[in-house]
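Enquirer: sharing a sequence plus its predicted fold:
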Amino acid sequence: MSVVWLAEAGGGAMTDGDWLSLWMFVSFILLIFSGFPVAWVLGGLAVIFTAVGMIAGIDFGWDIAIGWDYSGLVVDRIWDVMNNWVLVALPMFIFMGVMLEKSGLAERLLRNLSTLFNAVPGGMALSVVGIGVLLSASTGIIGASVVLLGLLAMPPMLARGYQPELAAGTIAAVGSLGILVPPSIMLVMMADRLALPVGPLFLGALIPGLLLAFLYAVYIVIVAMLKPRLAPRATNAEPLTFGILMAVVQAMLPPLMLIFAVLGSIFTGIATPTEAAGVGAAGALILTAWYANLTPEVLKEACLETTKTTSYIFAIFLGATAFSLVLRGLGGDHLIEKGLLGLPFGPDGILITILLVVFLLGFVLDWIEITLIVLPLVAPVVTGLGFDLIWFTVLFAVCLQTAFLTPPVGFAIFYLKGVVPDAVTVPVIYRGVVPFIALQLLGLVLLYCFSDLVLYLPSRLQ
């Protein structure tokens, strides 16, 4: 966003608070590249700009309605965050994902699905898509999904002669589906920030997540048919038998039962998201024990990983809460509103501009910062323009999913690079994810043009 546009937006000049809020946001973008932890950057800027706002208002007479009373207000807001029962679902869903990663479930799925799709063009890549969807709906942790798929699928795909770019792009894109397919921790955070019910938001994201997986699968089949050398079929494919089908059903049944137990209890109103997260965590423990992988060491590792991931997310939550509150106190929300409503477009043009800015921010910011800072600022503008908030939130989430694949901060790229052979370099992965980024944008366009893809299931819940 340019200073000239903001100055002219809404027909008025920039106020003192507008300038400070603009500098606060720019400072955040710049400090992201300093290497300091994001949570401390957010919290530190909140303290600094509270002081700057108070000094500017008292000593220089700037028109800024902010002072040290904001410090007490920030403490109250942080206390509200830590008292939020909806957010209790986060560590439970994280624990569920970590335990399923260690259960050995994915290995069984890959082995059986690969046998099922052996004779199909791009069969092994299609198996990765199928496993990715199941992992996404049962783990929701991008790092775990990408690393697990990279370890399990990349070596056999390369051994069969798959093009490294296609293999890497498939794994990175499918592994990032977990941020969108419910039960997604990102959707839980979005529901909390916008005071939306989690159940309808989960339902709204279900078809879009499956749509993206379908687009990936169609692309893989087309590539494999047009250029068979990029995704060779198995030379010793076994004929499809009833035994193979039964093995696939047996491998898929446990995760499907867990998914239905978690999501079904939310959608039918039997359990709240927090209660359903507890059911999921308990179910993951049972599955890990069923596959004889539940040991004291595994349980200890799962608890440590859950604690670290939860602490990271909540630290950013607290920093972002302080940052957003001070930014609003300086008038940042009004600045954003003036800038968007001052655009020479209609409501659709403004909404497309928001999504474009979010897509570009995904190149330099993590999805957590964008969710906690940007989403609450633009959501009131979107609802004021008459758009459905659940629909917009799902569009926002789909747009944010690309942030895992876009350089230089595409976390899925670096998760994958950490576990693949040295021959699969970062440029190879970059080239591999480009078609899948295009497919995600195509999916975003379809969801924009056909809003019922998002709103049909939530409407049936009412």
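Expert: Right, received. Where do you want to start?
Enquirer: would you list every one of the helices in the stretch 101-250 of the chain?
Expert: 105-116, 123-138, 142-160, 164-175, 185-194, 198-226, 242-267 (DSSP state H, counting those that start in this stretch).
Enquirer: what's the longest one packed up against?
Expert: Other helices and strands packing on helix 198-226, by 3 or more Cβ pairs under 8 Å, 6 or more residues apart in numbering; DSSP states H and E, are helix 123-138, helix 164-175, helix 185-194, helix 242-267, helix 273-290, helix 389-401, helix 426-449, helix 452-461. For every residue, glycine as well, the C-beta is placed using N, CA and C.
Enquirer: hang on, the earlier thing: most packed of the helices of the stretch 101-250 of the chain?
Expert: Ranked by mean neighbour count, the helices of the stretch 101-250 of the chain are led by helix 164-175 with a mean of 28 (mean count of other Cβ atoms under 10 Å).
Enquirer: that helix versus helix 198-226: what angle between them?
Expert: Helix 164-175 and helix 198-226 are oriented at 160 degrees to each other (axes from the mean of the first three to the mean of the last three Cα atoms, to 10 degrees).
Enquirer: wait, residue 330 sits on residue 53?
Expert: Yes - between residue 330 and residue 53 there is a contact at 6.0 Å, judged by Cβ atoms under 8 Å.
Enquirer: how much space separates the nearest residue to residue 370 once chain neighbours are set aside from residue 214?
Expert: Excluding the flanking residues, the one nearest residue 370 by Cβ to Cβ, 6 or more residues apart in numbering is residue 361, at 5.6 Å. With distances taken as Cβ to Cβ, to the nearest Å, residue 361 is found 27 Å from residue 214.
Enquirer: pLDDT score for the spatially most central residue of the chain?
Expert: Note on the chain: the residue nearest the mean C-alpha position is residue 179, at 3.3 Å, using Cα atoms, centre = their mean. Here the pLDDT value assigned to residue 179 is 82.
Enquirer: contacting residues for it?
Expert: For residue 179, the contact set (Cβ atoms under 8 Å, 6 or more residues apart in numbering) comprises 140, 142, 185, 186, 367, 397, 400, 401, 404.
Enquirer: just put those in JSON lines and tack on distance to residue 424 and pLDDT.
Expert: Formatted as JSON lines, those follow (distance: Cβ to Cβ, whole Å; pLDDT from 0 to 100):
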{"residue": "140", "distance to residue 424": "25", "pLDDT": "63"}
{"residue": "142", "distance to residue 424": "19", "pLDDT": "70"}
{"residue": "185", "distance to residue 424": "28", "pLDDT": "80"}
{"residue": "186", "distance to residue 424": "27", "pLDDT": "84"}
{"residue": "367", "distance to residue 424": "24", "pLDDT": "78"}
{"residue": "397", "distance to residue 424": "29", "pLDDT": "91"}
{"residue": "400", "distance to residue 424": "26", "pLDDT": "86"}
{"residue": "401", "distance to residue 424": "22", "pLDDT": "85"}
{"residue": "404", "distance to residue 424": "17", "pLDDT": "81"}
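Enquirer: low-confidence stretches in the chain?
Expert: The chain contains residues with pLDDT under 70 at 1-17, 54-86, 138-141, 143-144, 234-240, 333, 408-409, 461-462.
Enquirer: and if we set it to 50?
Expert: Residue ranges of the chain with pLDDT under 50: 1-11, 58-60.
Enquirer: returning to that earlier point: so for residue 380, which of the helices of the stretch 101-250 of the chain sits nearest?
Expert: Using Cβ to Cβ as the measure, helix 185-194 is the one of the helices of the stretch 101-250 of the chain that comes nearest residue 380, at 9.5 Å.
Enquirer: next one: the closest one to chain centre, how far?
Expert: Relative to the chain's own centre, helix 185-194 is displaced by 11 Å; criterion: Cα atoms, centre = their mean, to the nearest Å.
Enquirer: equivalent analysis for stretch 185-204, please.
Expert: The answer for stretch 185-204 is 12 Å, by Cα atoms, centre = their mean.
Enquirer: next one: stretch 266-283
Expert: Averaging C-alpha positions (Cα atoms, centre = their mean) puts stretch 266-283 20 Å from its chain's average.
Enquirer: buried residues in it, which are they?
Expert: 266-267, 271-283 (16 or more other Cβ atoms under 10 Å).
Enquirer: grab the nearest non-local neighbour of residue 269.
Expert: Counting by Cβ to Cβ, 6+ apart, the residue nearest residue 269 is residue 199, at 7.5 Å.
Enquirer: over to residue 424?
Expert: Counting by Cβ to Cβ, 6+ apart, residue 424 lies nearest to residue 164, which is 5.1 Å off, once chain neighbours are set aside.
Enquirer: quick one: that neighbour and residue 416, what's the gap?
Expert: Distance from residue 164 to residue 416, counting by Cβ to Cβ: 11 Å.
Enquirer: doesn't residue 122 make contact with residue 220?
Expert: Yes - in this structure residue 220 lies within contact range of residue 122 using Cβ under 8 Å: 4.2 Å.
Enquirer: who touches both of residue 164 and residue 416?
Expert: Common neighbours of residue 164 and residue 416, counting by Cβ under 8 Å, 6+ apart, are residue 424.
Enquirer: name the residue in residue 330 and residue 53 with the higher neighbour count.
Expert: Ranked by neighbour count (other Cβ atoms under 10 Å), residue 330 and residue 53 place residue 330 first, with 30 against 25.
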